[in-house]
Structures are given as C-alpha cells and as structure tokens.
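Undergrad: Have a look at this prediction, sequence included:
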Amino acid sequence: MRLNLKALVISTAAPAVLVLGILSVWSRLSVTFGTYFMQAYNSIHPHPFTALHPALTWYEHIYGTIFDMLYAGIDVAFLAGIVGFLYNWIAKRSEGE
C-alpha cells in the first residue's frame with residue numbers, strides 16, 4: 001500500500017499550522033502563556049516580529065503570527081514529504097520481493 005504524498009502533506013500540515021497559529025495568537029494576547037515555547041520556536045525561526053518583542057503594534061503582531069504559521073507549515077510539509085517518500089520507497093521495495 002502506497003501513500004498519496006499530497007494528501008499526507010496537507011493532512012499533517014493543516015492541523016500543525018492551526019495549532020501553532022492558536023499558540024502564537026494566545027501567547028501574544030497573554031503575557032505568561034506559552035512564553036518559553038515561543039522563545040524556543042523563535043530561536044529556531046527568527047523574524048523581526050517575535051511574540052515577546054515589547055514594542056510591536058497590532059498589525060506587526062499579525063505579521064508575526066503569519067510568519068510563525070508559515071514556518072510551521074513549511075517544516076511540517078517538508079518532514080511529512082520525506083516520511084511519505086521513504087514509506088513509499090520501502091513499500092515499493094517490499095512489493096517487489
């Protein structure tokens with residue numbers, strides 16, 4: 001059985017982007033919620049609109065949330081594509097035996 005790579009990438013990236021979007025918005029609205037997670041996340045994916053930046057306007061927080069969601073989508077889509085490709089490769093080799 002082989003996996004549809006496009007469906008795998010979409011079905012894994014969409015929930016991940018949704019969860020990180022919720023966490024990003026929530027940590028920007030609340031001072032204490034998710035600060036350590038967002039610090040760790042923004043250390044991996046730096047951008048000028050981080051959640052803990054003290055002098056951001058409301059629209060810059062929207063840009064920051066979009067950046068966070070974009071980075072999460074790219075990461076998860078890339079990893080899901082690799083896992084799906086490896087699974088299909090192993091499945092094809094085992095069918096040939």
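TA: Happy to help now that I have it.

Undergrad: what's the single longest helix in the protein?
TA: Using DSSP state H to define each element, the chain has its longest helix at helix 58-96.

Undergrad: Please point out which parts of it sit buried.
TA: By neighbour count, with 16 or more other C-beta atoms under 10 Å as the criterion, the buried positions of helix 58-96 are 61, 64-65, 67-69, 71-73, 75-77, 80-81, 84, 88. (C-beta placed from N, C-alpha, C; glycine too.)

Undergrad: tell me the angle the lowest-mean-pLDDT helix or strand in the chain makes with helix 58-96.
TA: Here the helix or strand of the chain ranked lowest by mean pLDDT, DSSP states H and E is helix 35-44, holding a mean of 91. Here helix 35-44 points in a direction 70 degrees away from that of helix 58-96 (axes from the mean of the first three to the mean of the last three C-alpha atoms, to 10 degrees).

Undergrad: Give me the buried positions along helix 35-44.
TA: 38, 41-42.

Undergrad: what's it packed up against?
TA: Helix 35-44 sits against helix 5-29, with contacts defined as 3 or more C-beta pairs under 8 Å, 6 or more residues apart in numbering; DSSP states H and E.
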